[in-house]
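Peer 1: Here's my sequence, what's the structure:
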Amino acid sequence: MDQPPKVLLVEGQNDRHIVRHLRGRFGSLSPFCIRDKGNIDELLKAIEPEIRVPGREAVGIVADANDSLADRWRAVSDRLRGAGMNIEMSDAPSPDGTIVDGPPRVGVWLMPDNQATGELEDFVQEMIPQDDPVWPLAQRYVQDIPGGARKFSPKKTSRAELHAWLATREEPGFMGSAIGRGDLKTDGDLCSGFLAWLERLFG
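Peer 2: Numbers count the residues shown, from 1 in each chain. Here you go, the predicted model:
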């Protein structure tokens, strides 16, 4: 089976849907294949074989920073070195998204913004319009849940708030659909920076 020359590796289906809908809103982006690896462990395992595919021109890696940006950055950097890339990785990712010349060219984006701990949902929160009337209500709803009734950890509060907001959409619960329907802004600095990184990597 022929292998695509340009591949973006993501942790899960939510990441894949977000990127797919963003690409749909910006038809001028250069083409690339999105591969959902299911979880961070499988994504990390896939880095070396994907880089070594004959004829591969570019590999992108999108992963959550989660609780430690430094630990996630170290894990990805180690896999890149293990793939035989003769590179000098910096101590931290570039705020604009890291790109390492190849071949193949390799890009790394750690959600949400290459600088802070967090995850995909923190990236998506930045796309909620500032004047959205439901967003403060969704935040207040989550904040008012009694401690004993909370089934999520404190570090997942922002995720709970986002999904409370998504529950009010025409297609509840789907971040990608909220982009496709225009409920989420795609012209903010963070989203624009992510799209620019994709174009630099795959263009």
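
Peer 1: Quickly list the domain ranges of this protein.
Peer 2: Domain segmentation of the chain under automatic domain parsing yields 6-118+186-202, 128-180.

Peer 1: Same list (these) but as CSV, adding mean pLDDT and mean neighbour count.
Peer 2: No exception for glycine: its C-beta is placed from N, CA and C like everyone else's. Conversion of the domains of the chain to CSV gives the following (pLDDT from 0 to 100; neighbours: other CB atoms under 10 Å):
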stretch, mean pLDDT, mean neighbour count
domain 6-118+186-202, 91, 17
domain 128-180, 91, 14
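
Peer 1: Now do the SS call for the residue lying farthest from the centre of the chain.
Peer 2: Largest separation from the mean C-alpha position in the chain: Gly148, at 31.6 Å (CA atoms, centre = their mean). Three-state assignment for Gly148 (DSSP: H, G, I helix; E, B strand; the rest coil): helix.

Peer 1: Arg159 versus that one, what's the distance?
Peer 2: Distance, Gly148 to Arg159, using CB to CB, to the nearest Å: 20 Å.

Peer 1: which residues does Gly176 contact?
Peer 2: Neighbour list for Gly176: Asn14, His17, Ile18, Arg20, His21 [criterion: CB atoms under 8 Å, 6 or more residues apart in numbering].

Peer 1: These into JSON lines, with extra columns for secondary structure and distance to Glu42?
Peer 2: Output for the contacts of Gly176, formatted as JSON lines (DSSP: H, G, I helix; E, B strand; the rest coil; distance: CB to CB, whole Å):
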{"residue": "Asn14", "secondary structure": "helix", "distance to Glu42": "15"}
{"residue": "His17", "secondary structure": "helix", "distance to Glu42": "18"}
{"residue": "Ile18", "secondary structure": "helix", "distance to Glu42": "18"}
{"residue": "Arg20", "secondary structure": "helix", "distance to Glu42": "19"}
{"residue": "His21", "secondary structure": "helix", "distance to Glu42": "23"}
